[in-house]
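> Quick one, fold the following:
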Amino acid sequence: MTEPQRNPNPDDWESLVDRLLPDDETARPPKGDPPPAIVIYSDNARHPESHQPARQELHSSAVVEPIEEPEGDPVTLAEPDIAPLLQTPSPQNQRRERLLKWLAPAVAVLIALALGWWATAPSPALSPDSLQYISAAKSIAGGHGLTTAVTPLEIGPARIPFSAWPPLFPMLLALGAKSDAVAWARAVNVVCFALTLLPLAFLARWLLGAAWGAVALLTYACFRPALLTTSFIWSETLFTLWCVAALACLVRGLEATPAGSEHPEEEEGPIDAGTFWIIGAGLFAALASLTRYTGFALIGAGAIAVVLRNHSDSGAHSLRRLAAFLVPAALPITLWCARNQFLTGHIFGEERVRATQRPAEVILDTIRTLGGDWIAPPAFASPVLQSALIWTAGIAAVALVLVFVQRFGPRMMESDRRSHTTGVALSAFAILYTLLVVVSTMSIATDRVNTRLLLPSYPALLLLGFMMLRGARDGANRPTQMAIGAITTLLVASQLAAGPRYAGAARETQDLSHPYWRSLQWARPEYEAPEAPLLARLHPDALIISNVWDRVALHSSHPTKPLPGKDEKGWPGSVLRHANAYILIDPEVRANRVGITEVERIGVLPPGAGLIAEANGVRLYRIVSELGPNDLPRSTPVR
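This is a model prediction of the structure:
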């Protein structure tokens, strides 16, 4: 146990001098006398405007007096901080911290791997975005370049440039697309989720210390929002990894100084060690922006951290470090957006439809999502227990806010330089990213604000939340400490329960993944598509227009478009305009779309559609634009 902090007295000063000065009686002041005045002169002063030595009290009995010297500008000596010397950790505590430093990340990674694999068993879930990623990956693997083969019915070409999303995630999926794209995507997401804990461990240790950092890591390893995004073939898990890695490198670079130097401008060489780390942060930020367009928030947050936490008085040094981050971070995504503008006429690949949600609705969705993810996650299947958790956590959250308001101030923040820099970088990213999501949802038509959209900011919010909890608890009275400890335990326990519950929950539902349907029926490893025998007879580039276009895209490399709904305008011309394409219909799926009855009503005369094959209840028609001797429809379908 360490002694409680106390203000130094004259005896402490003498004890400190005895430990720090050589054992030379002539160098020590007589006991009982105040320490002599101390003034330090430098031949190369950093502040030429200070021509007179400042008077500063080093101790209640020690006053610095100006001393006339013929040369050099005076530099005053700052007040020595002897609190660390009075609170030296015991060897037992040091061993515990060293153990937690390596054990906590290792245990957290193993838990993340286990829960991530469980949450994605037997395969990850799919959404429309997932199909685009898989289609682009198959196109890359098949030699068609960075294109997508899942396109709207209104577009003529069977393949179009992949531009609505950045390219990095499908490029990564392309590495395993030839064998099993879904299984490979599962492995990528689970590994990325586990790897996120490694840079997060550095940030947690710098900001929170060993003990609180270990709790934060274990909480994120079981974090339901992270498991939710990992269980879908989405790019958010990879994006979050790049963001956390960029922030860790940035903090490491901003606080890197050579041994024995307290001033970054004294670093030797054209590129110092800190600049190398900052360049690395810029490269990770580039990877993030090439994974999701919201990576622009990370680039902005990094620039803010470099400006606010640059410890040099040299303007050239500050600009050099800012350029070291911004050039590698912004150049790749700038080139990608220029490519989009050239190919599609839009910087982000397609024209974005204006939002229909009102700003108030977006703000309410954001608050509701944050509350459901952080305060009262779905930890219990029993409605009674979940309702009790909501009320208890709500009351605890209100009490915690009151404590924060009462104790908010410098004592809740981090005074250590690296901790302060970590807090600034995390705060800048969390604020900018959340604002970007909210403003984007208010401006363009997209999904309502939900867990998926906000997840990349959650690692930063997690560490900042623990920082405030620890800061509010330290130095508080005993009842306040007990209350904060109880509230922290409740919030952490609810997260530890919600994660495993989601990992083992039923699939083919949206109960725990709203608004997304957690469907993996067609992605299961043992699933065989009933249309596979029909598609195997066609050329790989044959266009398939189907009511199961997503299943076709998942289990084949054919370009595909969706059949329109029965009430949509433009039918049948919107389909028949695609000459020599094929119409594939599974009558057991999506009865609201054009089906067998509507297609056969068209007739076989051009332009028309004739039945050419049937297998497992699925029918395949060919669009006939010009009737020739080889285009006559078969009188008897091939079964």
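
> ok, the residue nearest to residue 484 when sequence neighbours are not counted - contacts?
Of all residues not flanking residue 484 in the chain, residue 473 sits nearest, at 4.5 Å (Cβ to Cβ, 6 or more residues apart in numbering). In this view, the C-beta of every residue, glycine as well, is placed from N, C-alpha and C. Residues in contact with residue 473, defined by Cβ atoms under 8 Å, 6 or more residues apart in numbering, are 480-481, 484-485.

> which among the residues you listed gets closest to residue 452?
Of all the contacts of residue 473, residue 452 sits closest to residue 484, with 31.0 Å by Cβ to Cβ.

> Just confirm residue 234 is within a helix.
No: looking at residue 234 with DSSP: H, G, I helix; E, B strand; the rest coil, it is coil, so not inside a helix.

> gap between the residue nearest to residue 484 and residue 403?
Separation of residue 473 from residue 403 (Cβ to Cβ, to the nearest Å) stands at 9 Å.

> what about the strand or helix carrying residue 282, distance to the chain center?
For residue 282, the host element (DSSP states H and E) is helix 273-289. Remark: helix 273-289 is offset 16 Å from the chain centroid, using Cα atoms, centre = their mean, to the nearest Å.

> which residues do residue 473 and residue 403 both contact?
By Cβ under 8 Å, 6+ apart, the residues touching both residue 473 and residue 403 are 480, 484.

> Could you report the pLDDT at residue 81?
Residue 81 carries a pLDDT value of 49.

> what's the answer for residue 333, then?
97.

> For the helix or strand harbouring residue 598, buried residues please.
Assigned by DSSP H and E, residue 598 falls within helix 596-602. For helix 596-602, the buried set under the neighbour-count rule, 16 or more other Cβ atoms under 10 Å, comprises 598-600, 602.

> Ok, stretch 479-492 next?
483-484, 487-488, 490-492.

> pretty sure residue 131 contacts residue 552?
No: distance between residue 131 and residue 552: 9.9 Å, which falls outside the contact criterion (Cβ atoms under 8 Å).

> Those two - which one has more neighbours?
Neighbour count, other Cβ atoms under 10 Å: between residue 131 and residue 552, residue 552 has more, with 27 against 21.

> Next up, the contacts around that one.
529, 531, 535, 544, 546, 558, 560, 584.

> circling back: can you check what angle separates the next helix or strand after the helix holding residue 282 from helix 273-289?
Later in the chain than helix 273-289, the nearest helix or strand by DSSP H and E is helix 295-308. Interaxial angle, helix 295-308 versus helix 273-289 (axes from the mean of the first three to the mean of the last three Cα atoms, to 10 degrees): 160 degrees.

> Next, the buried residues of helix 295-308.
Those would be 295-306, for helix 295-308 by 16+ other Cβ under 10 Å.

> before we move on, back to that, filter the contacts of residue 552 down to the ones in strands?
544, 546, 560, 584 (DSSP state E).

> now the second one, which residues is it bridged with?
In this structure, residue 546 has beta-bridge partners residue 562, residue 584, where bridges are defined by DSSP bridges.

> State the number of residues packed around it.
Other residues close to residue 546 by other Cβ under 10 Å number 26.

> correct me, but it touches residue 560?
Yes: at 6.2 Å, residue 546 counts as touching residue 560 under the criterion of Cβ under 8 Å.

> Look up the closest residue to residue 252, ignoring the ones flanking it.
residue 277 (4.7 Å).

> Count the residues that sit near that neighbour.
Counted with other Cβ under 10 Å, the neighbours of residue 277 add up to 21.

> from what I can see it touches residue 246, true?
No: between residue 277 and residue 246 no contact is recorded; they are 10.6 Å apart, counting by Cβ under 8 Å.

> on that earlier part again, in terms of secondary structure, what does the helix holding residue 282 contact?
Judged by 3 or more Cβ pairs under 8 Å, 6 or more residues apart in numbering; DSSP states H and E, helix 273-289 is in contact with helix 236-254, helix 295-308, helix 315-344.

> quick one, which of those is nearest to residue 578?
Comparing these by Cβ to Cβ, helix 315-344 comes nearest, at 20.8 Å.

> Show me the contact partners of whatever helix or strand comes next after the closest one.
On the C-terminal side of helix 315-344, the nearest following helix or strand under DSSP H and E is helix 359-370. Contact partners of helix 359-370, identified using Cβ under 8 Å, 6+ apart, comprise 357, 434, 437-438, 441-442, 448-451, 454.

> picking up where we left off before, tell me which residues of the helix holding residue 282 are tucked away?
Those would be 274-275, 277-289, for helix 273-289 by 16+ other Cβ under 10 Å.

> Show residues contacting that helix.
166, 168, 239, 242-243, 245-247, 249-250, 252-258, 264, 267, 271, 295-296, 298-299, 302, 306, 320-321, 324-333.

> of those, buried ones?
Looks like these have 166, 168, 239, 242-243, 245-247, 249-250, 252-257, 264, 267, 295-296, 298-299, 302, 306, 320-321, 324-326, 328-330, 332-333 buried, using 16+ other Cβ under 10 Å.

> This structure: strands as residue ranges?
40-42, 57-59, 62-63, 73-75, 147-148, 160-161, 544-546, 560-562, 582-585, 608-615, 618-624.

> Run the angle between the last one and strand 608-615 for me.
Meaning strand 618-624. 150 degrees.

> Remind me what strand 618-624 packs against, helices and strands.
strand 582-585, strand 608-615.

> for the shortest one, packing partners?
Spelled out, that is strand 582-585. strand 544-546, helix 596-602, strand 618-624.

> cutoff 6 Å now
strand 544-546, strand 618-624 (3 or more Cβ pairs under 6 Å, 6 or more residues apart in numbering; DSSP states H and E).

> State the pair within the ones in strands among the contacts of residue 552 that is farthest apart.
The farthest-apart pair in the ones in strands among the contacts of residue 552, when distances are taken by Cβ to Cβ, is 560 and 584, at 8.6 Å.

> coming back round to it: tabulate the ones in strands among the contacts of residue 552 in CSV, adding columns for pLDDT and distance to residue 610.
Listed next are those as CSV, based on pLDDT from 0 to 100; distance: Cβ to Cβ, whole Å:
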residue, pLDDT, distance to residue 610
544, 96, 16
546, 95, 16
560, 96, 20
584, 95, 13
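
> count of residues packed around residue 568?
Residue 568 has 12 nearby residues by other Cβ under 10 Å.

> And the helices in the stretch 451-600 of the chain, which stretches?
For the stretch 451-600 of the chain, the helices defined by DSSP state H, counting those that start in this stretch occupy 451-454, 458-473, 478-503, 532-535, 549-555, 573-576, 596-602.
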